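Chemist: what follows is a predicted structure for the sequence shown.
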Protein chains: 2
Amino acid sequence: MERSQSEARERVLVAAEQLFAQKGYGPVTLRQIGARAGLNHSSLYHHVPGGKADLFVEVMERIYARHRAGLTAALGAAGPDLRRQLYAAARWLLSQPPMDLVRLEHIDMVELAPAQVQQLSNGAYAALQLPLVEVLAAAHERGEIAEEDLDLISGGLVGMIESLFAVSEAVAGKSRMMMAERLIDVMLNGLRPRL
Amino acid sequence: MERSQSEARERVLVAAEQLFAQKGYGPVTLRQIGARAGLNHSSLYHHVPGGKADLFVEVMERIYARHRAGLTAALGAAGPDLRRQLYAAARWLLSQPPMDLVRLEHIDMVELAPAQVQQLSNGAYAALQLPLVEVLAAAHERGEIAEEDLDLISGGLVGMIESLFAVSEAVAGKSRMMMAERLIDVMLNGLRPRL
DNA sequence: GTCTATATAAAGATAGAC
DNA sequence: GTCTATCTTTATATAGAC
C-alpha cells in the first residue's frame, strides 16, 4: 500500500467528501472535517500531510469515481432505450449532491495549483460526460438523434438537470425528478409541435 | 433620500458587485471591497452599517435589477421570432458573470437570515425567469410551442445556458455563444430527427 | 467621511508530548 | 495515531481621533 490505508484515514476522507460536496472548497474548515471524523483537526495532517488542498483533490477524485461508476451502472441498467437511459442518468445525478461545475471552475479551482486544476478538470469530464456521450453515440448510430456534437449535448443535459438543484421542490410543486423527465422529453422532441 | 447617496457609497456598491458576482458571498472580504473602492475596510461600515450580509443583499438586488432590465431589453430588441429571442437571452446571460443559482441557494444563502433569503429568491426569479416566461407565453399562444409549464422551460433554458460557464472555450474549440445557439436549436427542434 | 488602532474570533499549519 | 499548545495570518466588527 502506498498510503496509510488506516480506518481513521477512511473516516477522514468520508467526512471531507460530505462537507466538500455540500459547500465546496473554501467554506469547509479542517476543524469541521476533524470533528465529523472524530479527530482533532491537527490529526488530519498525519493522514493527509499535504493539507487542505491535497485533501480536496483526493476527495474530488473519489467523488468522480463514484459518479462515473454510478452513471455507467444506471445507464447500463436502463436498457437500450435512449429516453429511459436519460431518465436513469437524471435519477442518478439528482440522487447525489450538486456538482456545481461552475462554482468548481470559477471559485474552488482558483485556490488550487495548476496541476491540481488539470487533474480535476479531466476527472469531471470523464465522470459526468463520457458515460452519456457513449449512449448518445449509440443512439446517433441508430439514427435516433441528428446532432453530431455529443459533448455539447451531454454537457447541456447535465447542466440542465443539475440546475434543478436551484429549484425548491416545495415552490415548484413537483419533484426534481419529474421536472427532469419533462425537460428530457423536451430535449428529445423539441418545443415546437411535431406534426 | 433614505440613505447616504454619496459618491463613495456608490463606489463601494460597484466594487462589492464585481467581487460578489465573481466569487459569491463567503470568499469575498470587506478588505478586498474596501481596497477596490479606495477605502479602508472599516470605512465600509459608515456606508453600510449592516455589515457584510446587508451589503451582499443590497448588491444582489442591484444585480437582479440589471439582469431584469438587460434581459427584457434584449428580448424586446430581438423582434417577434422565438428563436432569435432565445439567442438574445443567451447573449445577454453570457455577457454577464455567472449567476450560479445552485451556489447561491446551497452555499451563499445558508449564511444569511431567512428574510434576506426570501428577498433574494424572489429577486432571482423576477430577474431571470419572468422575462423569458413572457416570450414563451406569447409563442405558446401563437401555437409555436406545445409544453405548458413555462416556468420549467425557462428555468431549464437558463440553467443550460449558464452551465456553459463551466466549459472552457479553448477546450471546446468554439465560443459559448455558438454552443448556446446549438443547444437552443436542440431545445426548439428536439434531438430526434424531424421527418 | 475616513482613518488608525484594537477587540474578538477563527482559519491553516506545525511542534512535540504521550 | 492522537492529542494539547501554539504560531501566524486573516476575518468581521467597533471605538474614537481627526
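Modeler: Great, that's in hand.

Chemist: where along chain A do the helices fall?
Modeler: A:7-23, A:30-37, A:44-47, A:51-77, A:82-95, A:101-103, A:114-124, A:130-141, A:150-162, A:169-172, A:176-189 (DSSP state H).

Chemist: reformat those as TSV; add distance to DNA strand D.
Modeler: For the C-beta atoms, the positions are set from N, CA and C on the backbone; glycine is no exception. Output for those, formatted as TSV (distance: least, C-beta to the nearest atom of the strand, whole Å):
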stretch	distance to DNA strand D
helix A:7-23	3
helix A:30-37	7
helix A:44-47	4
helix A:51-77	13
helix A:82-95	31
helix A:101-103	18
helix A:114-124	20
helix A:130-141	35
helix A:150-162	28
helix A:169-172	29
helix A:176-189	33
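
Chemist: for chain B, find the nearest of those.
Modeler: With C-beta to the nearest C-beta as the measure, helix A:150-162 is the member of the helices of chain A nearest chain B (2.3 Å).

Chemist: residues from chain A in reach of DNA strand C?
Modeler: Residues of chain A found near DNA strand C (C-beta under 7 Å from any atom of the strand) are A:28-32, A:41-42, A:45, A:51-53.

Chemist: let's see it at 10 Å
Modeler: A:25-35, A:40-46, A:48-56 (C-beta under 10 Å from any atom of the strand).

Chemist: buried only: go through those residues for me.
Modeler: Among the residues of chain A next to DNA strand C, those buried by neighbour count (16 or more other C-beta atoms under 10 Å in any protein chain shown) are A:25-28, A:30, A:32-34, A:44, A:48, A:52, A:55-56.

Chemist: any idea which of the residues you listed is closest to residue A:125?
Modeler: residue A:56 (18.1 Å; C-beta to C-beta).

Chemist: so who does the closest one touch?
Modeler: Residue A:56 sits next to A:16, A:20, A:25, A:108, A:112 when contact means C-beta atoms under 8 Å, 6 or more residues apart in numbering or on different chains.

Chemist: repeat that with 6 Å
Modeler: For residue A:56, the contacting residues are A:20, A:25, by C-beta atoms under 6 Å, 6 or more residues apart in numbering or on different chains.

Chemist: same check on the one 3 residues further on?
Modeler: When contacts are counted by C-beta under 6 Å, 6+ apart, residue A:59 touches A:16-17, A:20.

Chemist: about what we covered before: distance to residue B:148 and pLDDT added to the buried ones among the residues of chain A next to DNA strand C, as JSON lines?
Modeler: Formatted as JSON lines, these follow (distance: C-beta to C-beta, whole Å; pLDDT from 0 to 100):
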{"residue": "A:25", "distance to residue B:148": "41", "pLDDT": "97"}
{"residue": "A:26", "distance to residue B:148": "41", "pLDDT": "95"}
{"residue": "A:27", "distance to residue B:148": "39", "pLDDT": "95"}
{"residue": "A:28", "distance to residue B:148": "42", "pLDDT": "96"}
{"residue": "A:30", "distance to residue B:148": "50", "pLDDT": "97"}
{"residue": "A:32", "distance to residue B:148": "44", "pLDDT": "96"}
{"residue": "A:33", "distance to residue B:148": "46", "pLDDT": "96"}
{"residue": "A:34", "distance to residue B:148": "51", "pLDDT": "95"}
{"residue": "A:44", "distance to residue B:148": "52", "pLDDT": "96"}
{"residue": "A:48", "distance to residue B:148": "51", "pLDDT": "95"}
{"residue": "A:52", "distance to residue B:148": "48", "pLDDT": "97"}
{"residue": "A:55", "distance to residue B:148": "47", "pLDDT": "96"}
{"residue": "A:56", "distance to residue B:148": "43", "pLDDT": "97"}
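
Chemist: how about CSV for the residues you listed, with distance to residue B:162 added?
Modeler: Formatted as CSV, these follow (distance: C-beta to C-beta, whole Å):
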residue, distance to residue B:162
A:25, 20
A:26, 21
A:27, 21
A:28, 24
A:30, 32
A:32, 29
A:33, 30
A:34, 35
A:44, 35
A:48, 33
A:52, 28
A:55, 29
A:56, 24
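
Chemist: from these, which two are the most distant?
Modeler: Using C-beta to C-beta, the pair of those lying farthest apart is A:27 and A:48, separated by 18.5 Å.

Chemist: tell me which residues touch residue A:181, please.
Modeler: Contacts for residue A:181 were tallied using C-beta under 6 Å, 6+ apart; they are residue A:87.

Chemist: how close does it get to residue B:185?
Modeler: Distance, residue A:181 to residue B:185, by C-beta to C-beta, to the nearest Å: 22 Å.

Chemist: how about the contacts made by the residue most central in space within chain A?
Modeler: Nearest to the geometric centre of chain A sits residue A:99, at 4.4 Å (C-alpha atoms, centre = their mean). Residue A:99 makes no contacts at all, as judged by C-beta under 6 Å, 6+ apart.

Chemist: neighbours around residue A:132, how many?
Modeler: Residue A:132: 23 surrounding residues under other C-beta atoms under 10 Å in any protein chain shown.
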